[in-house]
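Need coordinates for the below:
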Amino acid sequence: MIEFDKAFGPLCYLVNECYAILFPKLPGYPEFSISRAMATFWKVKVFSKLEINLFDAFKQMLSEERAERIKEGEARTKVGKKSEIANASTPLSHYESKNFQILNKFVQSIADISINEVKVHMLGSTKLVPDEPYAKLHEVVMASTKYGIVVIDRKFYRDAAKVIHIKYYQDALDADLNFVYKLMLPVTTARVKEMRQKYLEKYFRFYIEQKLQQFLKSMVVSALMISVER
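Predicted structure coming up:
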């Protein structure tokens, strides 16, 4: 591809010069290049025809992998291991499954064809505004996150009388967030973290409320027993 750009360098230069003359008030970047033209052609003629099937497969595999990470998070707490704080430095050895590697390569490929040299310096920023098709992939992950948390919520809110310790809830969400950190760009992981925090705070209020009700009930029962004994 580099050789193509070199060989067609003069042509690209003329195209960019003509553009600058004909459209002086419009942005001049990213400039025209053979590699960009071929990438655009590939997205329009090839990727667009496979996009639906590729994204459907990604959704299915993503849901399965995230469910496994959540189970691992719950299991880690039950055996007494300290919960890891989700961050980007979690060893990759935790994510060597074949499915994760497939997902990771797919996300990298989508990011490659969604970012140009104008935005590449923002790649590690949470303020990046990605183009298609990564923007669509971002929405898929956010929808998957919301659905996953709803499933966790149903499990943890199911029996208010046996409210599960908040540590189990936090570990389930942390395990999933660690997974997303290793898979997606920072702009996506930041949104997932915000959503996680929102639901964690909601469950924390629920947990405190249930424990307080249990405490008040026990106090009432104790007071009644004391009065009866008297």
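
all strands for the chain, in order.
Here the chain has no strands by DSSP state E.

So, low pLDDT: which residues of it?
1-2, 4, 73-96, 153-165, 228-230 (pLDDT under 70).

The helix of greatest length in it packs against which elements?
What stands out as the longest helix in the chain, according to DSSP state H, is helix 186-229. In terms of contacts (3 or more C-beta pairs under 8 Å, 6 or more residues apart in numbering; DSSP states H and E), helix 186-229 is packed against helix 134-157, helix 166-183. For every residue, glycine as well, the C-beta is placed using N, CA and C.

for these, which one ends up most surrounded?
Among those, the stretch with the highest mean neighbour count (mean count of other C-beta atoms under 10 Å) is helix 166-183, at a mean of 21.

Report the inter-axis angle for the longest helix of the chain versus helix 134-157.
10 degrees (axes from the mean of the first three to the mean of the last three C-alpha atoms, to 10 degrees).

Export the helices and strands packed on helix 186-229 to CSV and append columns for distance to E65.
What follows is the helices and strands packed on helix 186-229, written out as CSV (distance: least, C-beta to C-beta, whole Å):
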stretch, distance to E65
helix 134-157, 10
helix 166-183, 7
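
closest one to V15 among the ones you listed?
With C-beta to C-beta as the criterion, V15 lies closest to helix 134-157 of the helices and strands packed on helix 186-229, at 26.4 Å.
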